[in-house]
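Chemist: Generate coordinates for the sequence data below:
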Amino acid sequence: MANIMINLGLAIQEKDLRRLRESLQKMSPNDEITIRLESAYSYEEDIIINELERLGMDYRSYGGKGNDFYVIVRRRLH
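Modeler: Modelled structure (predicted):
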């Protein structure tokens, strides 16, 4: 099981979504992707969540220590 970390920085752009899609395609069934956002910009979580739901992924989100906000992604097992 691999845990891949993606830091999307301050503002989510199309290139960030492209990088996320590429990482999701490479995931093995037991891998996880951890997406880090600045908590001040966590409203952009909706952009990520919409993309994950569109791709049929499982996810959970939580606030971390300091200014970090995380979304943990796993492949949905049917």
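Chemist: Which strands and helices lie in contact with the longest helix that the chain contains?
Modeler: Secondary structure assigned by DSSP state H gives helix 14-26 as the longest helix of the chain. With contacts defined as 3 or more CB pairs under 8 Å, 6 or more residues apart in numbering; DSSP states H and E, the secondary structure elements packing on helix 14-26 are strand 3-7, strand 32-38, helix 45-54. All C-beta atoms are positioned from the backbone trio N, CA, C, and that covers glycine.
Chemist: Alpha carbons only: can I get it in CSV?
Modeler: Coordinates of each C-alpha in helix 14-26 appear next as CSV, following Å, rounded to 0.1, in the frame of the first residue of the first chain:
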residue,chain,number,x,y,z
GLU,A,14,-6.6,23.1,-14.1
LYS,A,15,-3.0,21.8,-14.0
ASP,A,16,-3.5,20.7,-10.4
LEU,A,17,-6.7,18.8,-11.3
ARG,A,18,-4.8,17.2,-14.2
ARG,A,19,-2.0,16.1,-11.9
LEU,A,20,-4.6,14.7,-9.5
ARG,A,21,-6.3,12.7,-12.3
GLU,A,22,-3.0,11.3,-13.4
SER,A,23,-2.2,10.2,-9.8
LEU,A,24,-5.7,8.6,-9.4
GLN,A,25,-5.3,6.6,-12.6
LYS,A,26,-2.0,5.2,-11.4
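Chemist: what comes up buried for that helix?
Modeler: Neighbour-count burial for helix 14-26, counted by 16 or more other CB atoms under 10 Å, picks out Asp16, Leu20, Ser23, Leu24.
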